[in-house]
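Asker: Predicted model and sequence below, questions to follow.
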Amino acid sequence: MSNQGTDVDGRRRLVPVALLVAVFAMATLVSSCSDDRSLADWEATWQETRRSVPSLAAITSVEPGETCSTTLGMLREASEKLITAPNQDLADAFLTWSDFAEGVFFECPPVGGNYPGFEASYEEMERLASEVDALIAFEHDLIDGR
């Protein structure tokens, strides 16, 4: 009779453990799917933001004042959407790019400092954007299991 009690007690202990394992597996599956989706959404907004920045040729071919004001407003609005990145490394890289780009279009044209003028500033913005793009590619590799 004591064996039967042990079997019942053993099964009673296994049920909560099995339930906990199932809940953990479901949570992991849902979070991995949502991370992938949030990365895709974040990346789409990032790419749209980059496309919205006027080209170097466009900004230097006219008096840049109004273009800079419009671009600065767009960057600040986009930053609100992009500040919550899928991970901290991506958030940090984006903030570095965003802070620099906002400075470029706030000064309009940038003078002094390490990147005077639009040409040097655009080169630096591109370098910083490449860092964001590299982190996005790395995140895709992690999601894809590469």
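Answerer: Arrived safely, thanks for sending. What you are looking at is a predicted structure, and each value in this text was computed from that prediction instead of being measured.
Asker: What is the burial count for Glu139?
Answerer: 20 (other CB atoms under 10 Å). Heads up, the C-betas are built off the backbone N, CA and C, glycines and all.
Asker: repeat for the one 4 residues further on
Answerer: The burial metric for Ile143, expressed as a neighbour count using other CB under 10 Å, is 15.
Asker: any idea how far Ala40 is from it?
Answerer: In this view, Ile143 and Ala40 are 9 Å apart by CB to CB, to the nearest Å.
Asker: Once you drop chain neighbours, what's closest to the residue positioned nearest the centre of the chain?
Answerer: Nearest to the geometric centre of the chain sits Ala85, at 3.6 Å (CA atoms, centre = their mean). Closest residue to Ala85 apart from its sequence neighbours, by CB to CB, 6 or more residues apart in numbering: Ala91 at 3.8 Å.
Asker: and Val62, what helix or strand is that in?
Answerer: Using DSSP states H and E, Val62 sits within no helix or strand.
Asker: Leu56 versus that one, what's the distance?
Answerer: Val62 sits 12 Å away from Leu56, going by CB to CB.
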